[in-house]
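> got a structure for you, letters missing:
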DNA sequence: CTGAAAGCGCTTACAG
DNA sequence: CTGAAAGCGCTTACAG
């Protein structure tokens, strides 16, 4: 009974276990195959396959024998082998190419995707591109070599035509957070421009006329869109755009903090700031506090942050719904896998203004 | 030329692309197989395999022909089929069973694992158990069906003996954040008791004698360990343990906030609090602020939080190094995969006290 | 150095 | 309802 270890009915305390040294990998223990199950049950391979696939056409008594053998051996079907032969060739895995899985926005996105995928028994493979186009492609290709059913990509690279052949071959493809380039595919975005419009309009409604803009690298889609929303809100309220109030290319808290300080020390300093990204908001909050301006200069951030309501005054933000973005992304992906064949869709997920204090300070 | 779409040398703007409707999945496009590469190159299947595997034994001119055919067809090897036949049967995938991938602690853990796995071309599959033992097991088994090389588990369940057979069959297994039960395996933990000792000792050194403890569910390993560290610090400083100062079973910000209020309204309220978990710290910070006690009652939290330095006073914490925990976990896993056969290891990752203000308030 | 053939663990027509 | 056989896309002895 090679597999008897599996049969232990009752949990055993650690100290009663054979040590790894006498009982580890390769020491005779192997995974049972379907063939071994067949032999033990006294049936053919095909019959075992039918039972395992719950095909229903097997005589109850034989099916029971097979199930007993499965339990006895601790048999677990090899999905890879299964899919090799199956007509649909579905791996029940999808690949997620993120910027950085440790980023809370991406973590929430992942969670949203997982929630939907779970209902279909699909598991996500994940990787971080760190904004590196080569890495993005390497990851996508590594997922493809594992024959994922679909691919979800937060684009880093400037060209996604390398995915065209796979897309044509039936791999579902959805982009999220930023649109793809040189390929026609479904895509889920935040309403970046709309959210920035709302944030800026909120400050304008509070009486501010000099509103500073602190943004990420211009080449990043979301940064450009948020700047656009800011400009459109100014225009809609008849306030002239002043580029001296704009600081772009900020990619972390430190550079954002410096840019905020610079803006606030100018001749005609802004009475309000719009920090157009997470890390930028953090750096800005810190600097305002340092300068003891946190009760005087208004601030609205794009994207919500932990403890935003625990600072004083609370940080007003335009929140993205990353979880909902993840769900929607997965839904578009599975719709393609289910055979939807229409033209590509672009979905925008709304943002939500959360007033907590900093955005309501008057000039 | 079925695969000509793949040959497009220059990226084409979206509007020049054939629409999905005329050119989508199943419309003739298929993935090329190794056999097709062989035919196109005019060599045998075995030769293609040797070239693709960079075996080096193929005549350069033939190898070039093969590589040309590979490029022309856009051939990508099927890893699943490869592994089915290969002796080592390595899938170059590992499975991660987390509590919740959206939790920043787990996201950082994942990132640490990814960093190490990446150097080996190994990709992580991930899933969230949501503290549900059944879900933990389902996820582990789904990963195992996909023949992962190893499994990393943040335990939810009270019994992991179900993994024994697979472990014996050679699947590497490492637990992280909490130790496993009823199975002997490697394990990576934070120094929970040590960190809690440090936090408590810091408050004692500041002159506090009545220190409240706000903790998570007692059944959770980390919650118990942190309580232990708190008690040991009190004992080491000759301060009697008073259970009226302890509130356990707090699992979110709201319950923590209520518990903090309750503690502070007692006859002999604490002059300091130790919030032994992330969400508990957030609830406590909010409540102290509401009660306008945030400059009077000292506070140290376990685990760092975004914006902890932007509140006033800054939140003093004992920080865990989740990224480092992830790296260490992956290293133990790969050591097993590389054949290390010694007894199981338990590694504790140190925590670090970060003084920011709340922990330095005097009684 | 190269190819024909066996086989990895499965599913699926095809007979019976 | 059941089984023998072919075959999914690969790798790997084995001859030559």
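Okay, I see it. Computed from a prediction, not measured in an experiment: that's the story for all the values here. Numbers count the residues shown, from 1 in each chain, chains lettered A, B, ... in the order given.
> What residues sit buried inside stretch A:342-355?
The neighbour-count check on stretch A:342-355 (16 or more other Cβ atoms under 10 Å in any protein chain shown) flags A:344, A:348-349, A:351, A:354 as buried. C-beta here means a position set from N, CA and C on the backbone, and glycine is covered the same way.
> Next: stretch A:107-125.
Buried residues in stretch A:107-125 (16+ other Cβ under 10 Å): A:107-114, A:116-118, A:122-125.
> The residues you listed: which ones sit near DNA strand C?
Within the set of these, contact with DNA strand C (Cβ under 7 Å from any atom of the strand) is found for no member.
> Of those, which belong to strands?
Judged by DSSP state E, strands contain the following of the buried residues of stretch A:107-125: A:123-125.
> What values do phi and psi take at residue A:352?
phi -140, psi 130 (degrees, to the nearest 10).
> residues contacting the residue lying closest to it once chain neighbours are set aside?
With sequence-adjacent residues excluded and distances taken as Cβ to Cβ, 6 or more residues apart in numbering or on different chains, residue A:352 is closest to residue A:319, at 5.0 Å. Applying Cβ atoms under 8 Å, 6 or more residues apart in numbering or on different chains to residue A:319 gives the contacts A:303-304, A:351-354.
> Mind pulling up the pLDDT for residue A:319?
Confidence at residue A:319, expressed as pLDDT, is 97.
> swap in residue A:264?
Note on residue A:264: pLDDT of 96.
> What about chain B: which of the buried residues of stretch A:107-125 touch it?
For chain B, the contacts drawn from the buried residues of stretch A:107-125 by Cβ under 8 Å from any Cβ of the partner chain are A:107-108, A:110-111, A:114, A:118, A:123-125.
> Out of the residues you listed, which is nearest to residue A:323?
Closest approach to residue A:323 among these (Cβ to Cβ): residue A:108, at 5.0 Å.
> where's that closest one relative to residue B:156, distance?
Here the criterion is Cβ to Cβ, to the nearest Å. By it, residue A:108 lies 21 Å from residue B:156.
> hmm, back to that, so which pair among the contacts of residue A:319 is furthest apart in space?
A:303 and A:353 (12.3 Å).
> anything in contact with each of those two?
Common neighbours of residue A:303 and residue A:353 (Cβ under 8 Å, 6+ apart) are A:317-319.
> Okay, strands next: where are they in chain A?
A:93-98, A:123-128, A:150-153, A:172-176, A:186-190, A:211-214, A:246-247, A:272-275, A:298-302, A:316-319, A:346-349, A:352-354.
> so which of those is the most packed in?
Compared across these, strand A:272-275 shows the largest average neighbour count, a mean of 31 (mean count of other Cβ atoms under 10 Å in any protein chain shown).
> ok, how many other residues are close to the closest residue to residue A:68 other than its chain neighbours?
Nearest non-adjacent residue to residue A:68, counting by Cβ to Cβ, 6+ apart: residue A:41, 7.1 Å away. Look at residue A:41: counted by other Cβ atoms under 10 Å in any protein chain shown, it has 22 neighbours.
> quick one: contacts for the nearest residue to residue A:130 once chain neighbours are set aside?
Leaving aside its chain neighbours, residue A:130 sits nearest to residue A:100 (6.2 Å; criterion: Cβ to Cβ, 6+ apart). By Cβ under 8 Å, 6+ apart, the residues touching residue A:100 are A:106, A:128, A:130, B:111.
> same question, residue A:360
A:206, A:298, A:313, A:316 are the contacts of residue A:360 under Cβ under 8 Å, 6+ apart.
> same thing but at 10 Å, please
Contact criterion Cβ atoms under 10 Å, 6 or more residues apart in numbering or on different chains gives A:202-203, A:205-206, A:298, A:300, A:313-314, A:316 as the residues in contact with residue A:360.
> and the gap between the residue nearest to residue A:68 and DNA strand D?
9 Å (Cβ to the nearest atom of the strand, to the nearest Å).
> now do residue A:203
57 Å.
> do residue A:71 as well
Counting by Cβ to the nearest atom of the strand, the gap from residue A:71 to DNA strand D is 18 Å.
> That residue: how many residues sit nearby?
The number of residues near residue A:71, taken as other Cβ under 10 Å, comes to 12.
> Per-residue pLDDT of it, please?
pLDDT, residue A:71: 92.
> before we move on, the earlier item: widest-spaced pair of the contacts of residue A:100?
A:106 and A:130 (11.4 Å).
> okay, and the common contacts of those two?
A:98-100.
> Those: which ones sit near DNA strand C?
Applying Cβ under 7 Å from any atom of the strand to the shared contacts of residue A:106 and residue A:130, none is adjacent to DNA strand C.
> and which of the residues you listed is nearest DNA strand D?
The closest of the shared contacts of residue A:106 and residue A:130 to DNA strand D turns out to be residue A:98 (Cβ to the nearest atom of the strand; 27.1 Å).
> which non-adjacent residue is nearest that closest one?
residue A:106 (4.5 Å).
> need the contact list for the residue lying closest to residue A:217 once chain neighbours are set aside.
For residue A:217, ignoring the flanking residues on the chain, the nearest one in space by Cβ to Cβ, 6+ apart is residue A:249 at 5.3 Å. Contacts of residue A:249 were listed using Cβ under 10 Å, 6+ apart, and they are A:215-220, A:223, A:255, A:259.
> Narrow those to just the buried residues.
Looks like these have A:215-216, A:220, A:223, A:255, A:259 buried, using 16+ other Cβ under 10 Å.
> Next step: these restricted to helices.
Members of the buried ones among the contacts of residue A:249 lying in helices (criterion: DSSP state H): A:223, A:255, A:259.
> Can you tell me which of these is closest to DNA strand D?
residue A:223 (40.4 Å).
> From residue A:248, how far out is the closest residue to that closest one other than its chain neighbours?
If the residues on either side of it in the chain are set aside, residue A:223 comes closest to residue A:216, at 3.9 Å by Cβ to Cβ, 6+ apart. According to Cβ to Cβ, residue A:216 and residue A:248 sit 7 Å apart.
> Point out where chain A drops to low pLDDT.
A:1-29 (pLDDT under 70).
> if I pick the spatially most distant residue from the centre of chain A, what's in contact with it?
Distance from the centre of chain A peaks at residue A:42, with 47.8 Å (Cα atoms, centre = their mean). By Cβ under 10 Å, 6+ apart, the contact list for residue A:42 reads A:62, A:65-66, A:69.
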